[in-house]
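Engineer: pasting a predicted model and its sequence here:
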Amino acid sequence: MHNIDRTHTAINGRTDIGLVRSENEDSISWYSDPNRPFSFIVIADGMGGYHGGATASAIATSTIDEELKTLVNTTFFHCSPDQQVLMLQAKLNQSIKLANQRILERKSINPDLTQMGTTIVCALVWQQNLIIAHIGDSRAYLWDKRGLARLTKDDSIVQQMIDEGRLTAEAARESKVRNQLTKALGVTLDVDPTLNCFSINHDSILMLCSDGLTEYVNDGYIERLLATYRPALECCYRFIDDANHAGGKDNISVAIAEINCTVQQQVKTALT
């Protein structure tokens with residue numbers, strides 16, 4: 001019998017202004033605890049002009065980063081594994097709601113920032129547990145020996161049309177409304193991020209990105225590149241170069257975590 005004893009996560013990321021925009025409105029943050037199997041990644045893709053997008057995305061990533069680092073404490077360690085997962089979900093949800101509140105507060109005191117908002121995608125790893133939360137069209141993917149899985153569904157007009165059978169995924173890539181979101185941070189008082197939990201049972205590669213990448217790179221290409229086992233940072237540079245070579249009309253952010261599972265073998269013995 002084999003059980004996952006712990007996971008080790010190595011993270012690298014990069015954000016790039018692209019070839020057209022005058023400012024990078026994406027923001028990226030990650031953390032890997034050197035002593036515990038705890039890590040997270042946050043990517044935000046801001047919008048709003050006059051530095052608004054950059055402000056919104058920075059507020060989002062800094063708030064969530066700050067909040068999540070307080071999670072793994074003495075109280076947490078004394079909880080059961082099931083309770084720990086519930087605490088992780090609750091903290092991630094609360095962190096995103098707090099980020100939304102702070103963006104709205106900044107908008108209320110600065111007339112130049114009234115149009116700002118941001119997407120958000122977060123991945124939190126604790127032991128073999130992976131929790132993904134998102135609002136907007138920034139994405140999370142997981143690759144392992146079984147293939148690539150997209151872990152998020154875009155909060156967008158075209159995704160709604162796909163779900164309703166009015167548009168194919170291929171046609172959505174060319175749609176004039178492909179960048180219109182149905183949900184974002186900093187727009188309404190109440191936000192409801194989508195949270196999903198997964199179990200990591202194999203060595204895996206976790207990738208988060210903004211739509212500046214997926215505008216140009218499809219899931220098939222993402223799978224092929226991640227499957228080459230390049231170092232994470234090299235993959236980040238390659239993805240950004242590919243997006244820029246294809247047009248680079250938006251800011252591009254990519255973060256990749258290499259997750260290694262340490263397997264503990266349990267041997268059952270009979271008492272005689």
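Structural biologist: Structure received.
Engineer: which stretch of helix or strand covers the closest residue to Glu23 other than its chain neighbours?
Structural biologist: Closest residue to Glu23 apart from its sequence neighbours, by C-beta to C-beta, 6 or more residues apart in numbering: Ala54 at 5.9 Å. Backbone N, C-alpha and C define where each C-beta goes, glycine included. Using DSSP states H and E, Ala54 sits within helix 52-68.
Engineer: same question, Gly46
Structural biologist: strand 38-47.
Engineer: on contacts alone, who are the packing partners of that strand?
Structural biologist: Packing partners of strand 38-47 (3 or more C-beta pairs under 8 Å, 6 or more residues apart in numbering; DSSP states H and E): strand 2-16, strand 26-32, helix 52-68, strand 117-118, strand 120-126, strand 204-209, strand 252-265.
Engineer: before we move on, the earlier item: wait, the residue nearest to Glu23 touches Ile17, no?
Structural biologist: No: if you go by C-beta atoms under 8 Å, Ala54 and Ile17 don't touch, sitting 10.7 Å apart.
Engineer: who's more crowded, these two?
Structural biologist: Ala54 (22 against 17; other C-beta atoms under 10 Å).
Engineer: who are the contact partners of the more buried one?
Structural biologist: By C-beta atoms under 8 Å, 6 or more residues apart in numbering, the residues touching Ala54 are Glu23, Asn24, Glu25, Ser27, Gly46.
Engineer: ok, which pair from those is furthest apart?
Structural biologist: Glu23 and Ser27 (11.8 Å; C-beta to C-beta).
Engineer: who has more neighbours out of those two?
Structural biologist: Ser27 (27 against 13).
Engineer: beta partners for that one?
Structural biologist: Counting by DSSP bridges, Ser27 forms beta bridges with Ala44.
Engineer: now it: how far from Thr63?
Structural biologist: 11 Å (C-beta to C-beta, to the nearest Å).
Engineer: same question, Ala10
Structural biologist: Note on Ala10: its distance to Thr63, by C-beta to C-beta, is 25 Å.
Engineer: which of those two has more neighbours?
Structural biologist: Thr63 (24 against 14).
Engineer: who are the contact partners of the more buried one?
Structural biologist: By C-beta under 8 Å, 6+ apart, the residues touching Thr63 are Ser95, Leu98, Ala99, Arg102.
Engineer: ok, so what distance separates Pro37 from Ser62?
Structural biologist: For Pro37 relative to Ser62 (C-beta to C-beta), the value is 24 Å.
Engineer: cool, and Val217?
Structural biologist: 28 Å.
Engineer: so for the two, which residue has more residues nearby?
Structural biologist: Per other C-beta under 10 Å, whichever of Val217 and Ser62 has more neighbours is Val217, with 19 against 16.
Engineer: and the more buried one, its phi and psi?
Structural biologist: When read as degrees, to the nearest 10, the backbone of Val217 gives phi -120, psi 120.
Engineer: how about the helices in the stretch 151-272 of the chain?
Structural biologist: For the stretch 151-272 of the chain, the helices defined by DSSP state H, counting those that start in this stretch occupy 157-163, 169-172, 211-214, 219-226, 232-245.
Engineer: of those, which approaches Leu88 most closely?
Structural biologist: Across the helices of the stretch 151-272 of the chain, the minimum distance to Leu88, taken as C-beta to C-beta, is reached by helix 232-245, at 23.0 Å.
Engineer: what angle do the strand holding Gly46 and strand 252-265 make?
Structural biologist: 160 degrees (axes from the mean of the first three to the mean of the last three C-alpha atoms, to 10 degrees).
Engineer: mean confidence score for strand 38-47?
Structural biologist: The predicted model assigns strand 38-47 a mean pLDDT of 98.
Engineer: return the distance of it from the chain's centre.
Structural biologist: Put simply, strand 38-47 sits 5 Å off its chain's centre (C-alpha atoms, centre = their mean, to the nearest Å).
Engineer: the inter-axis angle of it versus strand 120-126?
Structural biologist: Using the same axes, to 10 degrees: strand 38-47 against strand 120-126 is 180 degrees.
Engineer: residues in contact with the closest residue to Thr63 other than its chain neighbours?
Structural biologist: Distance criterion C-beta to C-beta, 6+ apart; nearest residue to Thr63, sequence neighbours excluded, is Ala99 at 4.1 Å. By C-beta under 8 Å, 6+ apart, the contact list for Ala99 reads Ile59, Ala60, Thr63, Ile64, Ile120, Leu185.
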